[in-house]
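Student: Give me the fold of what follows.
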Amino acid sequence: MLKILYTRRKIASDRFLADVLREEGVTAPVLRGKNGKPFLAGDPLFLSLTHSGDLTAVAICDEAVGLDAEDTLKPRAYSAVLAGMPPEEREEITGMPPFYLHWTAKESYIKFRGETLAKLYRRLAFVGGVLSLDEKPLPVFLTNGALYGGRYVFCACTATPQNPVTVSAD
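Tutor: A predicted model of the protein is given here:
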């Protein structure tokens, strides 16, 4: 079960997370891992939090999850990011939609692991729809989607295939 709740209301991420958990009937306290990833004390549910532009989103899942979202209308100068990618990956990125596909795949995996961009980004490659770490394919599943008519794109990373339910909290 993967549920993604999202909003464009002006609200702090932690406040939105608290509101979502209350609405979902979750009473366990939210703690943070060493790199800031939220988790529930003593509860079997897993969380991931993301924000981009005015979007805030929370993934709730019964297994480890990482979620990243990007605002497709926000101008990006991504040439510096491309320079850090393997040549095969750079060849697949022919504009902004493919860039977001690659970026959200990597970022969702990093959040799935509870790691940081600095630690993993240069070691990851997303080529031909396969995410690899140190050139070894990863046993994870990536689920892509769009919110608000495609303005925001997201990727959720899980250990097993998921069909996410997306719910607007506006």
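Student: List of residues touching the lowest-mean-pLDDT helix or strand in the chain?
Tutor: Every helix and strand of the chain was ranked by mean pLDDT, DSSP states H and E. The lowest is helix 79-83, at a mean of 86. By C-beta atoms under 8 Å, 6 or more residues apart in numbering, the residues outside helix 79-83 that reach it are 90, 93, 99, 103. The way it works is simple: take the backbone N, C-alpha and C, and place the C-beta from them, glycine included.
Student: Okay, buried residues for it please.
Tutor: Neighbour counts over helix 79-83 (16 or more other C-beta atoms under 10 Å) mark V81 as buried.
Student: Kindly provide the whole-number mean pLDDT of the next helix or strand after that helix.
Tutor: Downstream of helix 79-83, the next assigned helix or strand under DSSP states H and E is helix 87-92. On average, the pLDDT along helix 87-92 is 94.
Student: so what secondary structure elements neighbour helix 87-92?
Tutor: helix 96-113, strand 124-127 (3 or more C-beta pairs under 8 Å, 6 or more residues apart in numbering; DSSP states H and E).
Student: which residues touch the first one?
Tutor: Residues external to helix 96-113 that are found in contact with it (C-beta under 8 Å, 6+ apart): 37, 48, 50, 64-70, 72, 76, 78, 81-82, 85, 89, 92-93, 116-117, 119-121, 124, 126, 131, 133, 138, 140, 142, 144, 153-158.
Student: per-residue confidence averaged over it?
Tutor: Mean pLDDT, computed over helix 96-113, is 95.
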